[in-house]
Structure formats: C-alpha cells, structure tokens
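Visitor: Build me a model:
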Amino acid sequence: MNLPSPLSSFGGVLVAALVFLSSSWSLRAETVTFADAALEAAVREALEIPVGPVTTADMLELEVLSAPEAGIASLSGLEHAVNLLALDLFGNELAEWPTEFSVLTKLEELDLGANLLGVIPASIAELTALVELLLDANMITEVSPAIGQLQGLLYVNLAENLLEEVPAGLNDLPSIQILDLSLNFISSLQGTENLAATVEDLFLRWNDLVAIPSYYFTSPTLLWLDLAFNLLNDLPTIEAAAGGVVPLEDLDISRNFLTEFPPGLERLESLIWLRADGNLLRSPLPSELLSLPLLAMLNVAENRLDVRPGSDDRILIEALEAEGVVVFYDLQDFEPPNGSGFEDWAEANEIPADRRGFLDTNGPFALPNLAAYAYGVNPFTVAADDLPRLVLLPDGSPTLVHLLNPAAGEVEVIYEGSENLHTWAPLDVLEVIPLGFVGESFRLQVVFEPGNPFFVQVRVLLPAN
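Guide: You can find the predicted model right below:
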C-alpha cells in the first residue's frame with residue numbers, strides 16, 4: 001500500500017498556495033484602460049498617480065472624483081471605481097447615460113449638469129445609494145419612472161432642460177426634500193399629490209404653468225415655493241391644512257399675470273417672504289396681509305395699485321411697515337424734474353461729449369442714446385431687466401413691458417411686428433397698462449391684438465427730424 005509521505009503532502013499544499021497567490025497578485029495588478037484621455041487625467045490627479053499604470057486595486061481607493069468642464073465624453077474605465085461616493089462631471093460632453101454607472105452602487109452624490117444628455121433611462125435605479133442628483137442644463141426630454149425607486153434621494157436638480165411635464169417618477173420619491181424644475185416647459189402639475197406632500201423646497205420658475213393645484217398650499221412639508229415667471233392668472237383658495245398651520249415660509253409668485261392675491265391668504269401663518277412684483281394686481285390690497293404674524297418682506301412693485309399718499313393701499317402698506325415688514329412698491333407721487341430734453345438727460349447721465357449723438361451706442365448692451373433717453377435709463381449702468389421684454393398672455397396675445405421717460409415728451413415710440421425679422425409693420429395696440437415708476441421712468445405694459453407676429457421691435461423717433 002502506497003501512502004503519501006508527509007513531504008509530498010506538504011509539497012502539494014505549497015504548490016496550491018503558490019498558484020493562489022500568483023492569481024491574486026495578477027488580479028490586483030491588472031491595468032485599467034481609459035477610452036477618454038481627459039477622464040484618465042482626472043483619475044490620475046485624484047489618485048496622485050501622474051505616471052505609470054493605474055490598476056484595478058488603485059481604482060478601489062477612489063471615493064471622490066471632481067472633473068468639471070474637462071471635455072470628458074466617455075467614462076469607460078470608471079466602472080472599476082466601485083467604492084466611488086461622489087462624482088462631479090459638470091460641464092462635460094456626455095451625450096448618453098453612462099453604462100458604467102451600473103456597478104457604482106455606493107455613489108451618493110452625482111453632478112452631470114451641463115452635459116448633452118437627452119434621456120434618463122431606467123438604469124438610473126441601479127444607483128441605489130444616491131442622495132443628490134444634479135442634471136441641470138442638459139437637453140433632457142424624458143426621465144424614466146424608475147427614478148422613483150431611489151428611496152434615499154433628497155435633492156434633484158432638473159432645471160434648464162426640455163421637460164414638458166413633471167417626470168412621473170418624482171411623485172414616487174419618499175424622501176425628496178429639494179426639487180428644481182426651473183426653466184423647462186412644464187404646463188401642468190396635475191397628478192403630483194405625493195410630491196406636494198413630501199417636498200420642502202420646490203422651484204418652478206420660468207415654466208408655462210397656468211394653474212396650481214390647491215394641495216400645494218396645504219402641503220404639510222412645503223417651505224419654499226417658487227412660481228415666478230409663469231403664466232398664472234389665478235391661484236386656488238387656500239384651505240385650512242389638515243395638520244393645522246400651513247408651514248409655507250417663502251412664496252414667490254412674481255412676474256405672472258395675477259390680478260389678486262388668493263382667497264384664504266390669512267391661513268399662511270408661517271409666511272415670511274412674499275414676492276408678488278410684476279403682476280397685474282389691482283387695488284385694494286387685501287387686509288389679510290396684516291394678519292400674517294411672521295411676514296417680514298412683501299414685494300408688490302410693478303402692479304396696478306394705487307399707492308399715492310392717503311390711498312387705501314398706501315395706508316395698508318404703512319401699517320405693515322409700522323409692524324416691521326419691509327415693503328417694496330412703486331412711488332406714484334413723482335413729479336418730473338425741472339427742465340427736460342435730450343441734452344439735459346445726457347448731462348445728468350454723464351454721457352461723454354464725443355458719444356452724445358442720437359445714434360451713438362453706449363454701455364454693455366450697445367444701447368443707442370435716443371433709446372436710452374426714451375426709456376429714461378443710463379446706457380452704461382442699465383440692467384437687462386430694464387430693457388424691453390416680450391411675453392405671451394394665456395390667450396396668445398403678445399405683451400411688451402418697457403420703461404418710458406416722462407421727461408422725453410418730444411420722442412415718439414412706435415411698435416412694429418414681423419414674421420421673418422426682415423419685413424416690419426406697425427402693430428395694433430389693444431391696451432397700455434401703467435405699472436408704476438422705476439426711478440424716474442414709467443414702466444408700461446403694452447398689450448397687442450391677438451394674432452400679431454411673434455417678433456416685436458420698439459422704434460424711437462424724433463418726429464421733428
């Protein structure tokens with residue numbers, strides 16, 4: 001009977017151990033290949049490996065990678081960074097959702113803002129640890145409902161995209177606290193009851209919203225609601241919250257087409273900041289504003305209010321100010337200064353002597369002097385918001401908002417429209433609405449007949465010349 005000797009048994013074990021160690025070392029020493037040189041450079045900088053191979057073992061050490069605006073178009077090779085926690089690739093050239101994300105299951109913070117993404121696929125659900133997701137300034141038209149499976153997602157930024165509706169999956173996020181959908185083309189919030197009952201800060205400015213569901217004003221969680229620059233001409237009645245006090249602290253409804261504050265305003269007992277400038281609010285201001293115990297700031301500038309001394313609106317504003325509320329409104333007791341004319345304007349605004357011709361252009365917007373005089377602005381310091389801007393009313397009527405200098409009585413302002421930017425014709429004005437004073441100029445809203453061309457220009461003339 002042949003029995004193995006102790007030595008031969010030991011030798012067998014030793015050989016097996018050597019084979020195992022050799023295989024293990026080969027795995028650890030495997031070199032990672034990157035398809036994108038910019039990505040490789042970013043990884044090398046993060047790992048402090050300027051030269052030589054980057055191995056799979058090295059990639060296991062990578063937990064944070066920040067490479068904004070680096071020109072990265074491919075993430076091939078990054079799939080080996082399975083311990084990655086935070087990834088910042090803002091301003092790169094990614095055109096499709098990276099397949100490498102399928103194994104980055106520890107990733108908590110992801111910034112893909114300002115890339116070239118168009119669709120967010122169902123595979124986003126593979127990022128199970130995600131807490132912050134930034135996808136702003138892409139070209140996104142679709143977000144898979146699978147995003148709703150990310151149970152820990154707290155912050156989502158989808159601003160500056162091409163969304164026409166609120167992605168359905170956002171309504172399924174149980175932990176969402178901050179959601180930014182600004183600068184899209186969203187026209188409705190219907191079917192977002194769960195979102196309204198969960199989110200704390202919701203940004204919807206610069207969309208196409210024409211109505212707001214009432215449940216946003218009775219939300220048990222919502223603290224900040226930004227609805228500025230939409231097409232709202234009405235707000236729902238604010239009902240009593242099921243849990244008692246409505247927690248809303250900051251409400252921005254500026255730059256819409258509202259003619260009145262919503263009924264039930266007094267129920268917003270937690271409200272601190274209320275912005276309603278740039279609407280069509282008519283007198284009188286609601287007395288319920290005086291019943292908001294925490295109100296600290298109210299902006300009702302650029303509306304159709306009567307805030308002359310002694311008026312009901314002015315009395316209410318002064319009562320609010322007496323309680324410590326900072327109120328922004330348009331002064332309407334302005335008297336044009338003595339003397340008028342182009343030369344007085346040029347002197348007051350310190351226009352250089354060699355730049356005072358009617359057609360000389362000055363300032364960052366290359367504004368002709370005659371136009372700046374007609375608007376009553378300084379071409380060197382004028383802000384973009386004080387230049388003419390065109391918006392569409394809900395019925396499709398174009399409306400133009402611009403300043404007009406009351407001291408420039410000799411100037412004629414003409415409105416013209418075009419379909420092709422080549423041929424221009426006078427526009428039919430439906431209504432001119434004074435919105436109050438900005439400095440020493442009127443702000444006017446000029447409403448044109450429906451069906452007029454989309455392109456509008458303002459011509460400023462001196463008829464005598």
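Visitor: dump the residue contacts of the residue nearest to residue 441 when sequence neighbours are not counted.
Guide: Closest residue to residue 441 apart from its sequence neighbours, by CB to CB, 6 or more residues apart in numbering: residue 376 at 3.4 Å. Heads up, the C-betas are built off the backbone N, CA and C, glycines and all. Residues near residue 376 by CB atoms under 8 Å, 6 or more residues apart in numbering: 345, 403-408, 439-441.
Visitor: Just the buried residues of those.
Guide: 345, 403-405, 407-408, 440-441 (16 or more other CB atoms under 10 Å).
Visitor: mind listing which of the residues you listed are in helices?
Guide: Taking DSSP state H, the ones among the buried ones among the contacts of residue 376 that sit in helices are residue 345.
Visitor: just the buried ones among the contacts of residue 376: which has the poorest pLDDT?
Guide: Lowest pLDDT of these: residue 440, 72.
Visitor: is it true that that one touches residue 403?
Guide: No: counting by CB atoms under 8 Å, residue 440 stays clear of residue 403, with 9.7 Å between them.
Visitor: Can you give me the distance of the residue positioned nearest the centre of the chain to residue 137?
Guide: The chain has residue 182 as the residue nearest its centroid, 3.8 Å off, counting by CA atoms, centre = their mean. Distance, residue 182 to residue 137, by CB to CB, to the nearest Å: 11 Å.
Visitor: list residues touching both of the two?
Guide: Common neighbours of residue 182 and residue 137 (CB under 8 Å, 6+ apart) are 159-160.
Visitor: on that earlier part again, just the closest of the contacts of residue 376 to residue 96, please.
Guide: residue 403 (46.2 Å; CB to CB).
Visitor: tell me the contacts of the closest one?
Guide: Applying CB under 8 Å, 6+ apart, we find residue 403 in contact with 375-377, 386, 438, 441-444.
Visitor: Same question for residue 223.
Guide: Residue 223 touches 200-201, 247-250, counting by CB under 8 Å, 6+ apart.
Visitor: Out of the residues you listed, grab the one that's most surrounded.
Guide: Among those, the one with the most neighbours (other CB atoms under 10 Å) is residue 248, at 24 neighbours.
Visitor: Correct me if wrong: that residue contacts residue 222.
Guide: Yes: counting by CB under 8 Å, residue 222 is a contact partner of residue 248 at 5.6 Å.
Visitor: just for this structure, where's the confidence low?
Guide: Low-confidence segments of the chain, defined by pLDDT under 70: 1-29, 242-243, 331-340, 392-397, 420-422, 451-454, 463-465.
Visitor: which strand in it runs the most residues?
Guide: As assigned by DSSP state E, the longest strand anywhere in the chain is strand 429-438.
Visitor: partners of that strand, with directions?
Guide: Strand pairing for strand 429-438, determined by DSSP bridges: strand 441-448 (antiparallel).
Visitor: buried stuff in the strand it pairs with?
Guide: 441-446, 448.
Visitor: go on, stretch 207-216?
Guide: Those would be 207, 209, 211-212, 215-216, for stretch 207-216 by 16+ other CB under 10 Å.
Visitor: related to what we said a few turns ago, if I pick the residue nearest to the centre of the chain, what's in contact with it?
Guide: Per CB under 8 Å, 6+ apart, neighbours of residue 182: 159-160, 203-207, 226.
Visitor: farthest-separated two in those?
Guide: Applying CB to CB across those, the maximum distance is between 160 and 226, 14.4 Å.
Visitor: chain center to stretch 398-409: distance?
Guide: 28 Å (CA atoms, centre = their mean, to the nearest Å).
Visitor: related to what we said a few turns ago, return the distance of the residue nearest to the centre of the chain relative to residue 163.
Guide: Residue 182 is 11 Å from residue 163, by CB to CB.
Visitor: what do these two both touch?
Guide: In contact with both residue 182 and residue 163: no residue, using CB under 8 Å, 6+ apart.
Visitor: is it true that residue 76 touches residue 43?
Guide: No: Residue 76 lies out of contact with residue 43 (CB under 8 Å); the separation is 11.6 Å.
Visitor: More neighbours: those two, which one.
Guide: Per other CB under 10 Å, whichever of residue 76 and residue 43 has more neighbours is residue 43, with 23 against 15.
Visitor: which SS class is the more buried one?
Guide: helix (DSSP: H, G, I helix; E, B strand; the rest coil).
Visitor: Equivalent analysis for residue 315, please.
Guide: Strictly by three-state DSSP, residue 315 counts as helix.
Visitor: list the contacts for it?
Guide: No contacts exist for residue 315 under CB under 8 Å, 6+ apart.
Visitor: Residue 55 contacts residue 43, doesn't it?
Guide: No: if you go by CB under 8 Å, residue 55 and residue 43 don't touch, sitting 11.5 Å apart.
Visitor: Could you pull out the buried residues of the longest strand of the chain?
Guide: Those would be 435-438, for strand 429-438 by 16+ other CB under 10 Å.
Visitor: mind checking how far the nearest residue to residue 195 once chain neighbours are set aside is from residue 97?
Guide: Nearest residue to residue 195 in three dimensions, chain neighbours excluded: residue 171, at 4.7 Å (CB to CB, 6+ apart). As judged by CB to CB, residue 171 and residue 97 stand 21 Å apart.
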